[in-house]
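Engineer: Quick one: sequence and predicted model below, then my questions.
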Amino acid sequence: MTQLDDRSVLAALDEAMVGRRRELELLVAALAAGRHVLLEGPPGTGKSTMLRAAADAAHRGFVFVEGNAELTPARLAGQFDPSRVLGEGYTPDVFVDGPLVEALREGSLLYVEELNRVPEETVNLLITVMSEGDLNVPRVGRIAAADGFRIVAAMNPFDNVGTSRVAGAIYDRICRITMDYQSAADEDGIVARRAGGADEDLRFRAVAVTRATRSHPEIRVGSSVRGAIDLVEVARRLARIRDTDVSDPSVGLDSALVALSGRIRLHEGGDRRAEDVIREIWEAVSSEGDDPKHPAPNGATTDHR
């Protein structure tokens, strides 16, 4: 892409995304330079949203791969159709492309989610493609990467359950972009966009409570902005069911419990439930009075970037 093309892509991304200007510039620059990219950050920080938007803005194909322990090399690259092999033999025509080969042939962005959950032998396949720019498939031959092909992987570096360390060979062949939670203003903008027409006071409290889960001393892993979006959406519908207003304290609290209690992870050894901690945070934010924009306790409105 030329410099003008890059700027056009960024202009389109600014329309599609809330904030993230720096990360968007880095992503567009790395892809335009022909590099593969690793997006590192906690869940809910917009990694897949940003990449899908970048693919749309640049008019590139987008191939999604869910990274997990079951992602074998055959599932990633493709395999021969067993039923057709019986009648036609091992010919290229009976090979069923996997997402990697599909992206190679079409020059698409291959998005591998949760890279640190992918088995080592499958990761090695990605290393080969990054190094050589092609893939040799037995009985099919060499499949060269079409113009525009890039691998973009993502992972949550703070999750240590069912994950493994990413090999240094990956880091040596990839450009790394870190993504943390956004500012309170940006997260409010995301909720406003995703839950259009939401009550401003409810929206602000939802963002404040959600952000406070990331700094509460009893919480090991807090909620992403998705928790605030769900809180607002549930509260709007719960208020209708109860024939009351979203400002009703019971509506907000119950919605917070539904939206956030399953998203947080408490430190081991505590004697309180997730519901107890969410109730405490909600009441602390609500106790700030009629002006919800007054800074809440426990860092509820602090920008934890």
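Structural biologist: Yep, that arrived.

Engineer: Next up, the contacts around the residue positioned nearest the centre of the chain.
Structural biologist: By Cα atoms, centre = their mean, the mean C-alpha position of the chain lies nearest to Lys47, the distance being 3.8 Å. Lys47 makes contacts with 39, 41, 154, 179, as judged by Cβ atoms under 8 Å, 6 or more residues apart in numbering. No exception for glycine: its C-beta is placed from N, CA and C like everyone else's.

Engineer: what's the answer for Asp134, then?
Structural biologist: Asp134 makes contacts with 104, 142-145, as judged by Cβ under 8 Å, 6+ apart.

Engineer: For it, give its distance to Ala208.
Structural biologist: Spatial separation of Asp134 from Ala208 under the definition Cβ to Cβ, to the nearest Å is 51 Å.

Engineer: would you turn the contacts of Lys47 into JSON lines with secondary structure, pLDDT and distance to Ser215?
Structural biologist: Conversion of these to JSON lines gives the following (DSSP: H, G, I helix; E, B strand; the rest coil; pLDDT from 0 to 100; distance: Cβ to Cβ, whole Å):
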{"residue": "Leu39", "secondary structure": "strand", "pLDDT": "92", "distance to Ser215": "23"}
{"residue": "Gly41", "secondary structure": "coil", "pLDDT": "87", "distance to Ser215": "17"}
{"residue": "Ala154", "secondary structure": "strand", "pLDDT": "91", "distance to Ser215": "24"}
{"residue": "Met179", "secondary structure": "coil", "pLDDT": "89", "distance to Ser215": "18"}
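
Engineer: Neighbour count for those residues - can I get that in JSON lines?
Structural biologist: JSON lines is the format used below for the contacts of Lys47 (neighbours: other Cβ atoms under 10 Å):
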{"residue": "Leu39", "neighbour count": "25"}
{"residue": "Gly41", "neighbour count": "20"}
{"residue": "Ala154", "neighbour count": "24"}
{"residue": "Met179", "neighbour count": "19"}
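
Engineer: farthest pair in those residues?
Structural biologist: Spatial extent of the contacts of Lys47 (Cβ to Cβ) is set by the pair Ala154 and Met179 at 8.8 Å.

Engineer: Show me whatever sits in contact with both of the two.
Structural biologist: Here Ala154 and Met179 share the contacting residues 39-41, 47, scored by Cβ under 8 Å, 6+ apart.

Engineer: Widest-spaced pair of the residues you listed?
Structural biologist: The largest separation in these, counting by Cβ to Cβ, is between Glu40 and Lys47 at 8.5 Å.

Engineer: Name the residues contacting each of these two.
Structural biologist: Counting by Cβ under 8 Å, 6+ apart, the contacts common to Glu40 and Lys47 are 154, 179.

Engineer: in the sheet, who's paired with Val221?
Structural biologist: Arg265 (DSSP bridges).

Engineer: about what we covered before: most surrounded residue in the contacts of Asp134?
Structural biologist: Ranked by neighbour count (other Cβ atoms under 10 Å), these have Leu104 at the top, with 24 neighbours.

Engineer: That one: what's it in contact with?
Structural biologist: Taking Cβ under 8 Å, 6+ apart as the definition, contacts of Leu104 comprise 129, 134-135, 143-146, 149.

Engineer: if you look at those, which of them are in helices?
Structural biologist: Among these, the members falling in helices (DSSP state H) are Val129.

Engineer: okay if I get the contacts of Leu104 as CSV plus distance to Gly196 and pLDDT?
Structural biologist: Compiled in CSV, the contacts of Leu104 are given as follows (distance: Cβ to Cβ, whole Å; pLDDT from 0 to 100):
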residue, distance to Gly196, pLDDT
Val129, 41, 91
Asp134, 46, 90
Leu135, 44, 90
Ile143, 44, 90
Ala144, 45, 91
Ala145, 40, 92
Ala146, 39, 92
Phe149, 36, 94
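
Engineer: Looking at the contacts of Leu104, spot the one nearest Leu110.
Structural biologist: Checking the contacts of Leu104 one by one against Leu110 (Cβ to Cβ), the nearest turns out to be Phe149, at 7.3 Å.

Engineer: could you check the distance from the residue nearest to the centre of the chain over to Ser250?
Structural biologist: Taking Cβ to Cβ, one finds Lys47 at 35 Å from Ser250.

Engineer: For the protein, which helix extends over the most residues?
Structural biologist: Ranked by residue count under DSSP H, the longest helix found in the chain is helix 225-241.
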